Each structure stands twice: as C-alpha cells, then as structure tokens.
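*Asks:* can you look at this prediction? I've put the sequence above it.
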Amino acid sequence: MREAEIRSAALEQFVRRGYEATTMADIGAAVGMRGPSLYKHVSSKQDLLASLMHATMTALLRDHDAAVSGVDDPVERLRRAVDAHVRFHARHRREAFVGNRELRSLVEPHRSAILGLRDSYEQRFRALIGDGAARGAFRVADPQLASYAILDLGMGVAVWFREDAGPTENEVAWAQVEFALRLVGAAVP
C-alpha cells in the first residue's frame, strides 16, 4: 500500500518537476514522510522511474495483446490495436508523458530493458501492418514507418487530450483509428 502511494507521488513529481529536479525529499513530502524514510520502501529514485516506465510498457503490451487476441482480419486487428493504444494514452497521460520525456534519465540496465519493451510494442504494430500488406488489406510501402506514424498519433493524445474539454475519448479513438487505417491504405467505408 505504502509503495503504491510512493509510486503515485513520484509520478506526480516527475510530471511537475522532471526526474532530475525531483528529490527523494520531494517525493517523501508528498506522502508525508522524510526522504530518508522512503528507502525502507524503495531502493532509489532511479528504480522508481524504471518501475513506473516498466508498468506503463507492460500495460500497453497487455492491452494491445488483449485487443487483437482471436482476431484474424488485418483491418479489424489494426482497428482494435489503434483503439487500445489511443485510449491508453488518453487515460494515462501522466505515465505517457514521463515515459517519453524521461527515457533520457534512465541508466543501465533499466534503459535497455525499457527500450526492449518499447521495441517489442512497435514490432507488434509493424508485424500487424506487414501482415495486412502481405494479405492485400493495406497498401503501404514501409510498415516500419507506418507503425511509427501510428504510434505517434496515439502518443500525441497524451499531450493534448482533456476529459473536460474538446472531443470525448470515444470521438478521439474513433477518429484516430480512421486516420491510421487511411495511413496504411486500408479500404474504409
């Protein structure tokens, strides 16, 4: 329980101040304990950052896999994958922000581990697009570039989406799915 509070406070501090400017004392103050007392619950600020990023990436991978599980049609697979990607970024804006901005702050072996998870996530999209192109469902010259573009569409949602203003999550997800399908040259009704 206490560790979850500490992780939540660390996330908030990393969003507000950035990783480098955040101290263990800042995180401790946010949960009502002295900075040195945090070390009873967590080993380091670096481990907190890595843990937050690992949780984000494993959640993205899990959501992607669940979204496309049991679906064979390439268009429907991409539709579901993009929908899951966009909704995750709309619902977890702070985690996405830290995951993208603070990648530079990770040290080994954490950096390689997170980069490996990110690569695995991108590979899922690339394979899905490549399969769709091979089966004639998509007209795209470079599945890798298409996957990067689609991933950026979703990640951008974390920057500008707000629950209390503008289009709803459903409207954003539906529009982003249509953008992604057009990007790969899928025939969409």
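*Replies:* Structure's in. What do you need? Numbers count the residues shown, from 1 in each chain.
*Asks:* is it true that residue 113 touches residue 51?
*Replies:* No - the pair residue 113 and residue 51 fails to qualify as a contact (Cβ atoms under 8 Å) at a distance of 10.9 Å. Yep, even glycine has a C-beta here, placed from its N, CA and C like the rest.
*Asks:* need the pLDDT of the closest residue to residue 139 other than its chain neighbours.
*Replies:* If you skip the residues right next to it in sequence, residue 139 has residue 185 as its closest partner in space, 3.2 Å away by Cβ to Cβ, 6 or more residues apart in numbering. Residue-level confidence at residue 185 comes out at 96, pLDDT.
*Asks:* what's the helix or strand for residue 185?
*Replies:* No secondary structure element spans residue 185, as it lies outside all helices and strands (assigned by DSSP states H and E).
*Asks:* which residues touch it?
*Replies:* With Cβ atoms under 8 Å, 6 or more residues apart in numbering as the criterion, the residues that contact residue 185 are 138-140.
*Asks:* buried subset of the residues you listed as a PyMOL selection?
*Replies:* One line in PyMOL is enough to select the buried members of the contacts of residue 185, burial here meaning 16 or more other Cβ atoms under 10 Å:
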select buried, resi 138+140
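*Asks:* need the contacts of residue 185 in CSV with secondary structure and distance to residue 179, can you?
*Replies:* Shown next, in CSV, are those (DSSP: H, G, I helix; E, B strand; the rest coil; distance: Cβ to Cβ, whole Å):
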residue, secondary structure, distance to residue 179
138, coil, 14
139, coil, 16
140, coil, 14
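*Asks:* closest to residue 26 among the contacts of residue 185?
*Replies:* Sorting these by distance to residue 26 puts residue 140 at the head of the list, at 45.7 Å, by Cβ to Cβ.
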